[in-house]
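Provided below for reference: sequence and predicted model.
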Amino acid sequence: MVPITVLIGLFVSPIFAAALPVLERATPLSFDAGSIQEPVATAYDWISGYVSEFPIHSSCNTSERAEIYQGLQEAVLIAQHAKEHILVHGNNSELFKKYFGAGPTGPVLGWYDKIATANRAGVLFRCDDPDQNCATQDNWAGHWRGSNATSETVICELSYTTRWPLAAMCARGFDVATGRTSNYWAGDLMHRLYHTDIVGEGLVEHHADGYHGCVELAAGENYTLAASNSATLSYFAIEAYAYDIAVPGEGCLGKPVEKEDDGHGHGAASSSSSSSMTESTTSSTTATAAPASTTSINPTRVVQVPATTSSATLAQETAGKECHTHADGTLHCV
Ligand SMILES: *[C@@H]1O[C@H](CO)[C@@H](O)[C@H](O)[C@H]1NC(C)=O
Ligand SMILES: *[C@@H]1O[C@H](CO)[C@@H](O)[C@H](O)[C@H]1NC(C)=O
Ligand SMILES: *[C@@H]1O[C@H](CO)[C@@H](O)[C@H](O)[C@H]1NC(C)=O
Ligand SMILES: *[C@@H]1O[C@H](CO)[C@@H](O)[C@H](O)[C@H]1NC(C)=O
C-alpha cells in the first residue's frame with residue numbers, strides 16, 4: 001500500500017528538504033512524531049491527538065483511495081513548498097508581491113501551514129456520494145458537504161479521469177495564466193481542503209477567481225484579502241512549484257493576455273484592452289456586494305468539466321480558457 005510516514009518522521013530543515021525526493025520530504029515540525037519516546041515520568045503526551053494523514057473513508061475502493069491519497073500528498077507538497085518559498089524569500093519575492101501585494105507574509109504562511117503541517121483529524125474524504133450530488137449534478141468532480149458535514153469532501157468519479165499529477169506540471173498544454181489550478185489534483189484538493197471548516201476555518205473564501213482576478217486583487221486596495229482568497233492560495237502554490245521545482249527558474253506562466261469579451265454581458269466594457277477587467281470586476285463586484293460570506297459563489301461548484309471528454313482532449317479544450325463563477329452559481333469559461 002501507500003507509504004504512511006511522509007508527513008512527519010524525518011528530521012530535515014525546511015530549506016534542505018527542498019533538495020530531497022518528493023516522498024522523503026518532511027514537514028518542518030520541531031518534533032519527530034515517529035521517534036518520540038514514551039514519557040517516563042508523566043503520562044501526558046501532548047501530541048497524542050495528532051493525525052498525520054488525511055482520513056479517507058471506507059467507501060473509497062483501492063484505486064480511488066490510492067488516487068486521492070496521492071493527490072493529497074501533492075496538495076501537501078505544494079502547500080509546503082509555497083510556505084518554504086515565502087520563508088526563504090519573504091516579501092522580496094516577486095511571486096509573493098504579485099499574488100499578495102503589499103500584504104504581510106504571516107497570514108499566508110499560516111494558511112499554507114494548515115495544509116502542510118496541521119492535524120488532519122476529521123478532514124474526511126469520501127467516495128459514496130451521500131448527498132447525491134455526483135449522481136445528479138452536471139459534471140461535478142466533487143464537492144464540499146457544506147452544512148451536511150462541514151469537514152467532509154466528496155470526490156466524484158469525474159475526478160479520476162480529469163485530474164493530473166504534479167509530474168505533469170507545465171505539460172499537457174498547461175500554463176498558469178490561462179490554465180486552471182484544478183487541472184491538477186494538488187490544486188483541486190488544496191481548494192477543497194480550504195472549504196472545510198477544520199482547514200479553512202470559514203475564513204478562506206472566494207474574493208476573486210482566476211489568474212487575472214487574483215493578480216488584480218493583490219494590486220488593488222483590498223490586497224489584504226488575497227491572503228485568505230482561496231484561488232490566490234492555489235495559484236501562488238502552483239506557480240511557485242512550477243517555477244522553483246518543476247521547471248526550475250522558468251516555470252510556465254504563459255502569456256497573461258487580456259481576455260476577449262466572453263459574450264456573457266456582465267460588463268459595459270468590451271474592448272479587448274479592458275475586457276479582462278470586466279471579468280475580474282465581475283468577481284470582485286460580486287464579492288463586494290456580500291463581503292462577509294461566500295454566498296455569491298456556490299462553493300460546491302468548484303470544478304466542472306465535460307464528463308465525456310478525455311483528459312487529452314480536455315487539455316486542449318481548457319488550455320486557453322479561464323473559468324469564473326457568476327453570482328447565480330453558474331460557471332463560465334472564456
Ligand atoms: C473503484 O470504483 C470505481 C467506480 O465504481 C471503478 O471505476 C474502479 O474500477 C474501482 N477500482 C477498483 C480497483 O476496483
Ligand atoms: C516588506 O516587509 C517589510 C517588513 O519586514 C516592510 O517594511 C516592507 O514595506 C514590505 N514591503 C512590501 C513591498 O510589502
Ligand atoms: C445536504 O443534504 C441534502 C439532503 O440530502 C441535500 O439536498 C443537499 O444538497 C446537501 N448539501 C450539499 C452541500 O451537498
Ligand atoms: C474594497 O473593499 C471595500 C469594502 O468591502 C469595497 O467598498 C471596495 O469597493 C473594494 N475595492 C475594490 C477595488 O474592489
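Good, I have the coordinates. Ligands and ions are numbered 1, 2, ... in the order given.

hey, let's count contacts and neighbours off CA atoms from now on
Noted.

could you pull out the strands for this structure?
124-126, 142-144, 152-155, 323-325, 331-333 (DSSP state E).

What are the buried residues along stretch 56-76?
Of the residues in stretch 56-76, those scored as buried under the neighbour-count criterion (16 or more other C-alpha atoms under 10 Å) are 56, 60, 64-65, 67-76.

Stretch 150-160 now?
In stretch 150-160, counting by 16+ other C-alpha under 10 Å, buried: 150-160.

buried sites along stretch 112-126?
Applying a neighbour-count criterion of 16+ other C-alpha under 10 Å, one finds 112-120, 123-126 buried in stretch 112-126.

Pull the contacting residues for the residue in the stretch 151-300 of the chain that ligand 1 sits nearest to.
When distances are taken as C-alpha to the nearest ligand atom, the stretch 151-300 of the chain reaches nearest to ligand 1 at Glu157, 6.5 Å away. For Glu157, the contact set (C-alpha atoms under 8 Å, 6 or more residues apart in numbering) comprises 134, 141.

where's it relative to ligand 4, distance?
Taking C-alpha to the nearest ligand atom, to the nearest Å as the measure, Glu157 and ligand 4 are separated by 37 Å.

Same check on Trp164?
33 Å.

Tell me what that residue is bridged to.
In this entry, Trp164 is beta-bridged to Tyr184, by DSSP bridges.

I'd like to know how many residues surround it.
Residue neighbour count, defined by other C-alpha atoms under 10 Å, stands at 21 for Trp164.

near ligand 2, which residues of this protein show up?
For the chain, the residues in contact with ligand 2 under the definition C-alpha under 6 Å from any ligand atom are 91, 102-103.

how about the buried residues of stretch 112-126 in JSON lines, adding distance to Arg180 and pLDDT?
Compiled in JSON lines, the buried residues of stretch 112-126 are given as follows (distance: C-alpha to C-alpha, whole Å; pLDDT from 0 to 100):
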{"residue": "Tyr112", "distance to Arg180": "19", "pLDDT": "98"}
{"residue": "Asp113", "distance to Arg180": "23", "pLDDT": "98"}
{"residue": "Lys114", "distance to Arg180": "22", "pLDDT": "98"}
{"residue": "Ile115", "distance to Arg180": "20", "pLDDT": "98"}
{"residue": "Ala116", "distance to Arg180": "21", "pLDDT": "98"}
{"residue": "Thr117", "distance to Arg180": "25", "pLDDT": "98"}
{"residue": "Ala118", "distance to Arg180": "26", "pLDDT": "98"}
{"residue": "Asn119", "distance to Arg180": "28", "pLDDT": "98"}
{"residue": "Arg120", "distance to Arg180": "26", "pLDDT": "98"}
{"residue": "Val123", "distance to Arg180": "24", "pLDDT": "98"}
{"residue": "Leu124", "distance to Arg180": "24", "pLDDT": "98"}
{"residue": "Phe125", "distance to Arg180": "22", "pLDDT": "98"}
{"residue": "Arg126", "distance to Arg180": "24", "pLDDT": "98"}
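
Nearest to ligand 4, out of those: which one, please.
Distance to ligand 4 across the buried residues of stretch 112-126 (C-alpha to the nearest ligand atom) is lowest for Tyr112, with 23.9 Å.

which residues does the closest one contact?
Under the criterion of C-alpha under 8 Å, 6+ apart, the neighbours of Tyr112 are 79-80, 82-83, 233.

Same check on Asp128?
Taking C-alpha under 8 Å, 6+ apart as the contact definition, Asp128 lies against 59-60, 154.

what are the ranges of the helices in the chain?
Counting by DSSP state H, residue ranges of the helices within the chain are 14-17, 62-89, 94-100, 105-116, 133-136, 158-162, 185-195, 197-200, 210-219, 230-241, 275-289, 311-319.

quick one, which of those is nearest to ligand 3?
Comparison of the helices of the chain against ligand 3 by C-alpha to the nearest ligand atom identifies helix 133-136 as nearest, at 6.2 Å.

Could I get the average pLDDT for that closest one?
The predicted model assigns helix 133-136 a mean pLDDT of 97.

is it anywhere near ligand 1?
No - for helix 133-136, no contact with ligand 1 is found by C-alpha under 6 Å from any ligand atom; the gap never falls below 11.7 Å.

tell me what that helix is packed against?
When contacts are defined as 3 or more C-alpha pairs under 8 Å, 6 or more residues apart in numbering; DSSP states H and E, helix 133-136 packs onto no helix or strand at all.

Show me which residues of that helix are buried.
Quick answer for helix 133-136 (16+ other C-alpha under 10 Å): 133-134.

if we look at it, which residues are touching it?
Helix 133-136 is touched from outside by 129, 140-143, 156-157, with contacts defined as C-alpha under 8 Å, 6+ apart.

can you list those in TSV and add pLDDT and distance to Val204?
Output for the contacts of helix 133-136, formatted as TSV (pLDDT from 0 to 100; distance: C-alpha to C-alpha, whole Å):
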residue	pLDDT	distance to Val204
Asp129	97	25
Trp140	96	21
Ala141	97	21
Gly142	98	18
His143	97	16
Cys156	98	23
Glu157	97	26
